[in-house]
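[1] A structural model of the following input is requested.
(chains A and B)
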Amino acid sequence: MNIMTEKSLDDAVNAEMNARSNEIIKMRGDKVTVHYGDKQALFGVDLDVRQNQVTALIGPSGCGKSTFLRCLNRMNDTIDSASVGGKITLDNEDIYDPKIDVVELRARVGMVFQKPNPFPKSIYENVAYGPRIHGLAKNKADLDVIVEKSLQKAALWNEAKDRLNEPGTGLSGGQQQRLCIARAIAVAPEVILMDEPCSALDPIATAKVEELIDELRENYTIVIVTHSMQQAARVSQRTAMFHLGYLVEEGPTDKMFTNPDDKRTQDYITGRFG
Amino acid sequence: MSFLLVFAIVLAIGLAAFVAGRQRARSQDDGTVKPHSRAHYHGWWAFLTGVVPAVLFLAAWDIGASAYLNSHIHSALPADVADGTVAHEDLAAGLVKSLASGLRKLDSQTLGALPSSFADLQPMLAAKGVALAPDTQDYMIPIATEANRVSDRLGMISAVVSIGLALIGVGYGLKGISPRARARNNVEKVMLWSLLGASTLAILTTIGIVLSMLFQTIAFFEKVPLSNFFFGTVWDPRFAAAGAGASEGQFGLIPLLAGTLYIAFVALLVAVPIGLMSAVYMSEYAAPKVRAVVKPALELLAGIPTIVYGIFALVTLGPFLRDISAALTGGTPFIQAQSILTAGLVMGVMLIPVVSSLSDDIITAVPRAMRDGSLGLGATRSETIKRVILPAALPGIVGAILLTASRAIGETMIVVLAAGVAANLTLNPFEAMTTITVKIVNQLTGDLEFNTPQTLVAFALGITLFALTLVMNIVALYIVRKYREQYE
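    Model prediction:
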């Protein structure tokens, strides 16, 4: 009896903590603007990313959703002509502050790209790449554990465990993308950014990756750019709609897909443009 | 009629056929039938049917005619000349030919009353600016006039036939013009064949080069045993004893090969790291503005003639290194002015742009996704280059290095000036060594008789060098091609 109460109390506390953690703002964009040379790609975007939730960014091509995503781990720095304005915080720290080390930031905010881009190395080496660079493993045994766990979390372990030394480029498209997710997880990031991770995959591989995204939510905060309305509806808790460089509206995914405030969202979701 | 004139006439006929054919095709297009080919294709087809057979005939006839004329002159030579060695007969025939071409400068009146002795003829020709060898004989004059007559007749026949061919061809081409005639396909086919011909020509030339060296090489190995050449460690061709027959000299390839490879190795030691690093800087770090200036500047280096590098090595770097080494030891220089080091360093500088330009292309070809993937994991730029980009580009870079190495091995002018001519076998980079290319130059620039082993060895060396670089290039291309698919 006593034990029962304690257990239910635990459950209650856990549930409440989960509920509260859902409300923690992991990353916050504050009037974010981006210019590529003379061309402005983002106009004052205010957007919050909540911890342990999947935030989907949707909108027609060229609306700035990928640009915003790339701001979150400063991948735009690698484009010479890009300049970012406004403020983006990670755990209330400005990530564009000169004191912030961009390498450290990218270790905390990982990224999975549109096209699977495994390195031309073995599967093992692909996953071990990040931990090696950041010195996360003290010895080979540690590294083995990290690689195995990452592959397990990316739901690739069963398929890859017997061929860890084969080149990652020899995997199928869907497996390659899960390898890239494993590679990102191996660095133990807090946030994972995904830029249309399923656009190069067939429906079965897509279903696997989507399932994976849902599982990853437990441990990571995820921001995903997608062109597929169904995908956004399936995997995300919150959805943000972009159009022509502006954030149109943002809210819980259920509401966005059933009762959006803005007519443009309504039109886009129902397929009237985009 | 001269060859050029006939050619011009044929071309003019062809152009007229083009205009006529285009016009004819246009006038046939009355809108009822959709024409298969546009009018200018019909024009070009008429042009080609006229010009191609006529020009081919003209070329073939010209080659045949000169061969015929040659044998005609040879047979007309008096018996006592013809009985002599081939060389003497060729000499006489050559004199007849130059006399014949000299006679063409004279006007018909003089030709009608030609003096029968060369002593009388010479001043007349000299007045027209024709200088002839003094040992031209009197009996050659009638042969030369006869040769001119024959060649005129042959020229006339060729002119008539080729112009006739052009006209017939044009007629055939024009007659075939109809709205549904497939002129476009025909023209495309001719294009294809001419392109094929152009590319075959390069390959045939290569084969010709190999063959021309091969025969001389075989002649060399008839005089010198294979083991003397390939396994000999002493290079001592004995120029002074050439032709004496008693001692034929020693033609050991080993010291030359060692020198070639050693200098190439030093050159690569300089060129590969510097070239590679500059390629990495250029492709990964340089701002577009810097790249726009530095890359062409580096490639400009590749355009400097190698003899200029050689001069730099000879008059500047070599003495400089010698003086430095003298200063270090306080008197006796341990670096010779002409040394492996001097030649290798300068050749290395020459090869930097080659390495950097080839590697730059290869590094730039590594997809951006690789860079993004690595940077997105929190790797720094240099980590990305070291661990992802260079390994990915490695096969290509190895291929580029091999291509560079084969250039280093075949390089001539720098080593002629900077490496020395002594065929030493040494490991000391401060001493002089010589290379295969230097020895080829040395052996061929002497005034020795051609069929001595001292001269013929140059061909054996040349074909060895050719085989060496050919193998390296094949390996390089194989490596580059094998690993290229990786991203496709």
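[2] any weak-confidence spans in the stretch 301-450 of chain B?
    Across the stretch 301-450 of chain B, nothing is flagged by pLDDT under 70.
[3] Could you tell me which residues of chain A lie near chain B?
    Within chain A, the positions near chain B by C-beta under 8 Å from any C-beta of the partner chain are A:73, A:75, A:78, A:80, A:103-107, A:110-111, A:113, A:115, A:117-121, A:129-130, A:133-134, A:169, A:180, A:183-184, A:187. Using the backbone N, CA and C atoms, a C-beta is placed for each residue, glycine as well.
[4] What number of residues are in the vicinity of residue B:126?
    Applying other C-beta atoms under 10 Å in any protein chain shown, we find 12 residues neighbouring residue B:126.
[5] how far out from the middle of the chain is stretch B:137-144?
    Distance of stretch B:137-144 from the chain centroid (C-alpha atoms, centre = their mean, to the nearest Å) equals 39 Å.
[6] got it, and stretch B:106-113?
    Its chain's average C-alpha position is 44 Å from that of stretch B:106-113, according to C-alpha atoms, centre = their mean.
[7] do you know how far residue A:264 is from residue A:246?
    10 Å (C-beta to C-beta, to the nearest Å).
[8] Give me the more crowded residue out of the two.
    More crowded of residue A:264 and residue A:246, by other C-beta under 10 Å: residue A:264, with 19 against 16.
[9] and residue A:84, how many residues sit next to it?
    Counted with other C-beta under 10 Å, residues neighbouring residue A:84 total 20.
[10] Doesn't it lie inside a helix?
    No - assigned with DSSP: H, G, I helix; E, B strand; the rest coil, residue A:84 falls outside any helix and is strand.
[11] Which residues are in contact with it?
    Counting by C-beta atoms under 8 Å, 6 or more residues apart in numbering or on different chains, residue A:84 makes contact with A:32-34, A:71, A:74, A:76, A:96.
[12] okay if I get those as JSON lines plus distance to residue A:54?
    Output for those, formatted as JSON lines (distance: C-beta to C-beta, whole Å):
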{"residue": "A:32", "distance to residue A:54": "20"}
{"residue": "A:33", "distance to residue A:54": "25"}
{"residue": "A:34", "distance to residue A:54": "23"}
{"residue": "A:71", "distance to residue A:54": "18"}
{"residue": "A:74", "distance to residue A:54": "22"}
{"residue": "A:76", "distance to residue A:54": "22"}
{"residue": "A:96", "distance to residue A:54": "25"}
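[13] wait, residue A:262 sits on residue A:248?
    Yes - if you go by C-beta atoms under 8 Å, residue A:262 and residue A:248 touch, sitting 5.1 Å apart.
[14] Quick check: neighbours shared by these two?
    Common neighbours of residue A:262 and residue A:248 (C-beta under 8 Å, 6+ apart) are residue A:241.
[15] out of these two, which sits in the busier spot?
    Higher neighbour count among residue A:262 and residue A:248: residue A:248, with 19 against 13, using other C-beta under 10 Å.
[16] could you list every residue that touches that one?
    Counted by C-beta under 8 Å, 6+ apart, residue A:248 has contacts A:59, A:241-242, A:262, A:264-265.
[17] Compute the distance between it and chain B, please.
    Using C-beta to the nearest C-beta, to the nearest Å, we find residue A:248 at a distance of 27 Å from chain B.
[18] Which pLDDT value goes with that residue?
    Looking at residue A:248, its pLDDT is 91.
[19] My reading is that it is in a strand; is that accurate?
    Yes - per three-state DSSP, residue A:248 lies within a strand segment.
[20] Spatially central residue for chain A, please.
    residue A:193 (2.6 Å; C-alpha atoms, centre = their mean).
[21] Which residue, neighbours along the chain excluded, lies closest to it?
    Once flanking residues are discounted, residue A:193 sits nearest to residue A:111: 4.6 Å by C-beta to C-beta, 6 or more residues apart in numbering or on different chains.
[22] Correct me if wrong: the one you found contacts residue A:196.
    No - assessed by C-beta under 8 Å, residue A:111 is found out of contact with residue A:196, at 11.9 Å.
[23] The biggest helix by length in chain B packs against which elements?
    As assigned by DSSP state H, the longest helix anywhere in chain B is helix B:183-223. Contacts defined by 3 or more C-beta pairs under 8 Å, 6 or more residues apart in numbering or on different chains; DSSP states H and E place helix B:183-223 against helix B:39-76, helix B:453-484.
[24] Many thanks, have a good one.
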